[in-house]
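Asker: Take this sequence and fold it.
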Amino acid sequence: MQTPFEGIWVPIITPFRGDTIDHPALARLAQYLASNGIAGLVAGATTGEGALLHPGEQEAIFATLRAAVPGLPIALGLSHSSTQLAAEMAKRMATWQPDGLLVTAPPYVRPSQQGIRRHFEAIADHDLQHSLPHQRQH
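Answerer: As a prediction, the model looks like this:
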């Protein structure tokens, strides 16, 4: 089954209570958005906090969202200056089975157009096309 990347996808914020993620608030927000007809969620992207989350937090956010809105597609943000680390993170994220990844060009560096293309190719070369549900054939 392929995920249709159309309609309104909301880059959901990550609510915090002090220094920790407020998972109940995140679940309520996701359910509210889903009840208002959105097509999907984008979590941990470039809305601010995405670059500051460590992999364990990203995985916990994804698990909370998947449990809160099980039928709603969820894409995960991936932004890293290091191509190697971005590719490794993409491989790890694929095991969580998101519906897609929103990958940005390397921030804080100025690669050429060829460098940006190689960045995306390196991430895609980790067999993501066989790992992400939107690419699987059922």
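
Asker: Quick one: low-confidence residue ranges for the protein.
Answerer: When residues are selected by pLDDT under 70, those of the chain lie in 1, 48, 126-138.

Asker: Go ahead and confirm residue 6 touches residue 39.
Answerer: Yes: with contact defined as C-beta atoms under 8 Å, residue 6 reaches residue 39; the gap is 6.5 Å. All C-beta spots, glycine's among them, are computed from the backbone N, C-alpha and C.

Asker: Who has more neighbours out of the two?
Answerer: Neighbours were counted for residue 6 and for residue 39 using other C-beta atoms under 10 Å; residue 39 has more, 15 against 8.

Asker: ok, the more buried one to residue 69 distance?
Answerer: 12 Å (C-beta to C-beta, to the nearest Å).

Asker: Please apply the same query to residue 75.
Answerer: Going from residue 75 to residue 69 by C-beta to C-beta gives 13 Å.

Asker: Now the common contact residues for the two.
Answerer: residue 41 (C-beta atoms under 8 Å, 6 or more residues apart in numbering).

Asker: Among these two, which residue is more densely surrounded?
Answerer: More neighbours surround residue 75 than the other of residue 75 and residue 69, with 23 against 20 (other C-beta under 10 Å).

Asker: In a strand, the more buried one, correct?
Answerer: Yes: assessed with DSSP: H, G, I helix; E, B strand; the rest coil, residue 75 lies in a strand.

Asker: now the residue nearest to it when sequence neighbours are not counted: how far from residue 17?
Answerer: Using C-beta to C-beta, 6 or more residues apart in numbering and skipping the chain neighbours, the partner closest in space to residue 75 is residue 100 (4.0 Å). As judged by C-beta to C-beta, residue 100 and residue 17 stand 29 Å apart.

Asker: between the two, who's got more neighbours?
Answerer: Each of residue 100 and residue 17 has its neighbours counted (other C-beta under 10 Å); residue 100 has more, 19 against 10.
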